[in-house]
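> output the structure for:
(one chain, ligands or ions: 2)
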Amino acid sequence: MKITQAFTFEAAHRLPKVPETHRCFRMHGHSYRVELCLEGDVDPETGFVVDFFDVEAGFGPLLEQLDHHCLNEVEGLHNPTAENIAVWIWRRASLALPQLRSVKVFETPHCWAEYEGR
Ligand SMILES: Nc1nc2c(c(=O)[nH]1)N=C([C@H](O)[C@H](O)COP(=O)(O)OP(=O)(O)OP(=O)(O)O)CN2
Ligand SMILES: [Zn+2]
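Numbers count the residues shown, from 1 in each chain. Ligands and ions are numbered 1, 2, ... in the order given. Just a heads-up that it's a prediction; the model follows:
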């Protein structure tokens, strides 16, 4: 069984590896959406794979590092593409949430990166 919990955060970034003529070379902001998908057996007692409250508690400290920050200044995110943010979240969130199966990072409602740990 898979469960998914969505989170949102606001952050600024610029992409240092694109040409100077690319509009994302300049500092700008996004309303990011993160979807964490976890997989496991349903506990017959609780009816949960994982309590959504526990997902929130596991991801909360990471969300604090991202929300209302300049992502380029976050340790390990000097090139904060959606792809790199998804990997950054995976590496940290999977420690607290071992049932994590995928991380989706949406920069806009139409553009996202998904990482499954490989
Ligand atoms: N593969 C990726 N491509 C791009 C990424 C990325 O993370 N991975 N990021 C960007 C920029 O962050 C850019 O800011 C995103 O584009 P944006 O202008 O915000 O989005 P849209 O063009 O869809 O939005 P408009 O409504 O047209 O402004 C670029 N590429
Ligand atoms: Zn951007």
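> what strand or helix carries residue 58?
helix 52-66 (DSSP states H and E).
> in that helix, what's buried?
Applying a neighbour-count criterion of 16 or more other CB atoms under 10 Å, one finds 55, 58, 59, 62, 65, 66 buried in helix 52-66. C-beta: built from backbone N, CA, C; applies to glycine.
> tell me what that helix is packed against?
Counting contacts by 3 or more CB pairs under 8 Å, 6 or more residues apart in numbering; DSSP states H and E, the secondary-structure elements packed against helix 52-66 are strand 2-13, strand 28-39, helix 82-96.
> could you export these as JSON lines, including mean neighbour count?
Putting these into JSON lines (neighbours: other CB atoms under 10 Å) gives the following:
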{"stretch": "strand 2-13", "mean neighbour count": "16"}
{"stretch": "strand 28-39", "mean neighbour count": "17"}
{"stretch": "helix 82-96", "mean neighbour count": "18"}
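> report the two members of the buried residues of helix 52-66 separated by the largest distance.
55 and 65 (16.8 Å; CB to CB).
> and the buried residues of helix 52-66, which is closest to residue 44?
So of these, ranked by how close each gets to residue 44 (CB to CB), first place is residue 55, at 19.9 Å.
> of the helices and strands packed on helix 52-66, which is nearest residue 19?
Between residue 19 and those, the tightest spacing by CB to CB is seen for strand 28-39, at 15.6 Å.
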